[in-house]
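Trainee: here is a sequence together with a model predicted from it:
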Amino acid sequence: MSLRLYNTLSGGKEEFVPLRPGHVGMYVCGVTVYDYCHIGHARANIVFDIIYRYLQFAGYDVTYVRNYTDVDDKIINRANERGIDSNALAEEFIRAFDEDMDALGLKKPTIEPKATLHIKQIITLVQRLIACGRAYASGGDVYYAVENFPDYLKLSKRNMDEMRAGARIAPGELKRHPMDFALWKTAKAGEPAWESPWGAGRPGWHIECSAMSMQYLGETFDIHGGGKDLVFPHHENEIAQSEGATGKPFVKYWLHNGFVNVNHEKMSKSLGNFFTIRDILKTYDAEVLRFFILTAHYRSPIDFSDQNLDEARLGLSRFYQALAGADAFLQQAQDKSAGPEREEIAELRERACTLESRFKEAMDDDFNTALVIGHFFDLVRALNRVTAIPEFASDRAALAAVTAARAGMVQLGNVLGLFVSDPQTWLEKQKHAGLGETGLSAEAIEELISARQSARANRDFARSDQIRDELAAKGILLLDSAQGTTWKRK
RNA sequence: GGCUCCGUCGCCAAGUGGUAAGGCAGAGGUCUGCAAAACCUCCAUCAUCAGUUCGAAUCUGAUCGGAGCCUCCA
């Protein structure tokens, strides 16, 4: 079984064959740093984070490049609004981006290049495009001549006639064709500028990705990713720039993640219906957000809502509870004896043994994380079946199966960035996280629990149930067990 | 208008030709003083219609509904 992935270029799933056996070059468009990141960015970065992790898990040596676009019209405009230097603004949001990605538990890419540190490479690339007739200088600008690149629009599968209707030439632009796009822009007063053969100016959007991917991954590389909205114009233009200059295929596999919707509508800055990552993380655990995103296939749209996030929280808790249950079970392990194997144990052993092959099969099919999570849920049920029976704590086969199941779940879950915390710690954190809204402190709850315990000891069940109901009304559930009473929030 | 994509149980969501995973919610049961948690059992023929096929949620056509791109956007 080998990895198959959906390639936007071909419009279908293809077997993944890297250019160099054992190695993968992957470039993912990062952000233009002029504002805080929203959940859409979170999704894109989490999706490619798990692709990065899975490729490594599958044994590839992966070079993952994710850029910062730190020079751009939007940055300049925002900096002007705030009356600060555009470079300072970019640095501020690069820091914010790093903090957010870190909070989301993302692995660091191999290389995180900044556009402004690659101006020389950009200028060289633009010169190369002019030299081979693909671009032209006009005033202090340089434009890409799309009509000279026959493959233009092969990624987004459109044709020039359709596109022409919507294309406009903005005032001041000196294009030959409405679809031509800027490779280099002449600098106006007060704008960041670098010396170039065409005078002081700055790179257009798109060219930085061609230049930086070429620098770190070569003229042809394996995987290029980003959100669906980058297919046109950004990635289309990257192809034009890179292939126009080198005459070689730019990228073998194009991967695009679906949008995050709010109320079934695309979340976007222009609609104003977006949530920033840092706002979301005030309410929801980062791993809950990741779990939520991974419950849907990466190419499908996903609807962001409190209900869906709460469901994700519930789902993830189920895993951590099962893991905590397994830990408690293993701690009680006594002298191991081998008896006739029971059905529950046989099922768990079977599930634990086949987990990795199921995991791989699902992930190899275009990163089907939703199916993987389904497999994990199956394992949890089998695991709970065993750990719910105390006698099994002295059964050698049960202990082996529980140990294997727990280890497998954590090991494979970690490939998706899931189950990375200590179960008890995570559950404790979740317990306390929502207490603010209830108006209760952990101490107050503990006091009520002991009051209820004395009532129960006196068989005063009316009083005992009253306490439980009051807590339940505030979202606190009590869990009685042989070891005493604990609580969690609903 | 052009080009894409989508429509699977109350909700979320896999499945893209071989007879519908999983989670949440719900019903019944075991456990419990009663509950909760956990476990057991139950719970869909896949928007509609017409085709292709031995066989379709999966392919084709039409219809209805939703979304995206064509302008900055993950």
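Mentor: Received, thanks.

Trainee: quick one: the helices in the stretch 51-200 of chain A?
Mentor: With helices called from DSSP state H, counting those that start in this stretch, the stretch 51-200 of chain A shows them at A:73-82, A:86-103, A:119-131, A:160-166.

Trainee: give me the contacts around the first one.
Mentor: By C-beta atoms under 8 Å, 6 or more residues apart in numbering, the list of residues contacting helix A:73-82 from outside reads A:32-35, A:85-86, A:88-90, A:190-192, A:205. (C-beta placed from N, C-alpha, C; glycine too.)

Trainee: ok, the residue of the stretch 101-250 of chain A found nearest RNA strand B - contacts?
Mentor: Relative to RNA strand B, the nearest point of the stretch 101-250 of chain A is A:Gly227 (2.0 Å; C-beta to the nearest atom of the strand). A:Gly227 makes contacts with A:Cys29, A:Gly40, A:Ala44, A:His256, A:Asn257, A:Phe259, as judged by C-beta under 8 Å, 6+ apart.

Trainee: now render those residues as CSV, adding distance to A:Pro21 and pLDDT.
Mentor: Listed next are the contacts of A:Gly227 as CSV, based on distance: C-beta to C-beta, whole Å; pLDDT from 0 to 100:
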residue, distance to A:Pro21, pLDDT
A:Cys29, 27, 94
A:Gly40, 35, 94
A:Ala44, 28, 96
A:His256, 26, 95
A:Asn257, 27, 95
A:Phe259, 35, 93
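
Trainee: tell me the buried residues in stretch A:279-294?
Mentor: Neighbour-count burial for stretch A:279-294 flags A:280-281, A:284-294 (criterion: 16 or more other C-beta atoms under 10 Å).

Trainee: again, but for stretch A:102-119
Mentor: Buried residues in stretch A:102-119, counting neighbours by 16+ other C-beta under 10 Å, are found at A:Leu104, A:Gly105, A:Leu106, A:Pro109, A:Thr110, A:Glu112, A:Pro113, A:Lys114, A:Ala115, A:Thr116, A:His118, A:Ile119.

Trainee: report how many residues lie close to A:Ala328.
Mentor: Applying other C-beta atoms under 10 Å, we find 15 residues neighbouring A:Ala328.

Trainee: now do the SS call for A:Arg202.
Mentor: Under DSSP: H, G, I helix; E, B strand; the rest coil, the three-state class of A:Arg202 is strand.

Trainee: how many neighbours does the one residue in the stretch 301-450 of chain A that gets nearest to RNA strand B have?
Mentor: At 2.5 Å from RNA strand B, A:Gly374 is the closest residue in the stretch 301-450 of chain A, using C-beta to the nearest atom of the strand. Neighbour count for A:Gly374, taken as other C-beta under 10 Å: 14.

Trainee: what helix or strand is it located in?
Mentor: Here A:Gly374, judged by DSSP states H and E, is contained in helix A:369-387.

Trainee: equivalent analysis for A:Lys282, please.
Mentor: According to DSSP H and E, A:Lys282 maps onto helix A:277-283.

Trainee: need the residues that contact the helix or strand following that helix.
Mentor: For helix A:277-283, the following helix or strand on the C-terminal side (DSSP H and E) is helix A:286-294. Taking contacts as C-beta under 8 Å, 6+ apart, the residues outside helix A:286-294 that touch it are A:39, A:42-43, A:46-47, A:50, A:103-105, A:280-281, A:302, A:308-309, A:311-313, A:315-316, A:369-370, A:372-373, A:416-418, A:420-421, A:426.

Trainee: burial of A:Phe48, as a residue count?
Mentor: Using other C-beta under 10 Å, A:Phe48 has 26 neighbouring residues.

Trainee: mind listing what it touches?
Mentor: A:Met26, A:Val28, A:Tyr64, A:Arg66, A:Gly225, A:Leu255, A:Asn257.

Trainee: try 10 Å this time
Mentor: Residues in contact with A:Phe48 (C-beta atoms under 10 Å, 6 or more residues apart in numbering) are A:26-30, A:64, A:66, A:106, A:109, A:223, A:225-226, A:255, A:257, A:298, A:367.

Trainee: test for you: state the pLDDT assigned to it.
Mentor: Per-residue pLDDT puts A:Phe48 at 97.

Trainee: phi and psi next, for it.
Mentor: Per-residue torsions, A:Phe48: phi -80, psi -20 (degrees, to the nearest 10).

Trainee: follow-up on the earlier one: phi, psi for the residue of the stretch 101-250 of chain A closest to RNA strand B please.
Mentor: Main-chain dihedrals, A:Gly227, degrees, to the nearest 10: phi -70, psi 160.

Trainee: again, but for the one 3 residues further on
Mentor: Phi and psi for A:Leu230, reported as degrees, to the nearest 10, are phi -90, psi -10.
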